[in-house]
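Student: Structure, please.
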Amino acid sequence: MTAEVLFVTTVVSSSCAYLDFNLVFDSLIGCELHALRKLSLHSNNFNSSIPDVLSQGTLLRTVYLLYNSFIGNLPTYVFNLMNLLILNVADNYLSDKIATVIQPSFRSIYLSSNDFSDEIQPNFSTGSQLQLINFSYNCFSSEVSTSIGYFQYLQYLWLDLNKLYRTLPLIIKNCSSLIHVSIEDNMLKGLLPGSIVVISNLQVLAL
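Tutor: Numbers count the residues shown, from 1 in each chain. Here you go, the predicted structure:
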């Protein structure tokens with residue numbers, strides 16, 4: 001099914017899931033997305049890059065683009081949306097690097113099952129509200145960034161099935177809210193930091 005979606009300035013929530021769309025995003029150029037709070041286009045057949053027109057969604061709080069066939073990189077502007085809480089682009093064909101600066105408003109980031117590579121070295125400012133990171137099933141090749149120490153509210157961390165090396169940084173002890181950590185199927189070596197045992201909420205540590 002091929003369709004065009006019209007976004008209007010008064011729309012605050014749009015959900016077009018499970019419709020097998022193969023949307024030509026050029027049709028969105030000129031549309032006004034300023035009032036949009038929620039965008040759900042998961043489980044369709046989108047096979048283009050993520051369009052720059054979505055950068056107009058400055059009030060967006062949740063974006064669900066998972067289970068499609070999006071290609072190319074994840075636009076930098078996505079991580080600059082000041083009000084965005086949840087970003088889910090899992091199960092696509094996105095590649096290249098991710099942004100180095102990510103807004104502290106984010107609560108959950110799902111990038112799993114794509115083709116992202118290079119380093120995981122995002123610059124999260126102090127005061128980050130992140131509770132969930134899922135970067136599993138990619139090709140990230142770096143150490144686990146010491147910026148993870150900023151995530152005092154982080155509960156779930158999935159980094160499995162990448163090409164990460166060395167071991168977890170000592171500063172992970174600052175992630176006092178961690179419940180689940182999965183770093184299986186990487187190239188990690190060395191000893192786990194003993195500081196991880198001071199995380200009293202930790203229930204699952206998958207190595």
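Student: how close does Ile179 sit to Pro104?
Tutor: To Pro104, Ile179 is 21 Å away according to CB to CB, to the nearest Å. Placement of C-beta: from N, CA and C, glycine included.
Student: Same question for Lys163.
Tutor: For Lys163 relative to Pro104 (CB to CB), the value is 28 Å.
Student: Quick check: next helix or strand after the helix or strand of the chain with the lowest mean pLDDT?
Tutor: Using mean pLDDT, DSSP states H and E, the weakest-scoring helix or strand in the chain turns out to be strand 13-15, at a mean of 49. The C-terminal neighbour of strand 13-15 among helices and strands, as given by DSSP states H and E, is strand 38-40.
Student: and that following strand, what other elements does it pack with?
Tutor: Under the contact criterion of 3 or more CB pairs under 8 Å, 6 or more residues apart in numbering; DSSP states H and E, strand 38-40 touches strand 13-15, strand 62-64.
Student: neighbouring strands for it, and are they parallel or not?
Tutor: Next to strand 38-40 in the sheet, as set by DSSP bridges, lie strand 13-15 (parallel), strand 62-64 (parallel).
Student: residues touching the residue positioned nearest the centre of the chain, list them.
Tutor: For the chain, the residue nearest the mean C-alpha position is Ile109 (3.0 Å; CA atoms, centre = their mean). Counting by CB atoms under 8 Å, 6 or more residues apart in numbering, Ile109 touches 87, 102, 130, 132-135.
Student: at 7 Å what do you get?
Tutor: 87, 133 (CB atoms under 7 Å, 6 or more residues apart in numbering).
Student: Give me the sheet partners of the helix or strand containing Ile109 and which way each runs.
Tutor: Using DSSP H and E, Ile109 sits within strand 108-110. Strand 108-110 has the following sheet partners, assigned by DSSP bridges: strand 86-88 (parallel), strand 132-134 (parallel).
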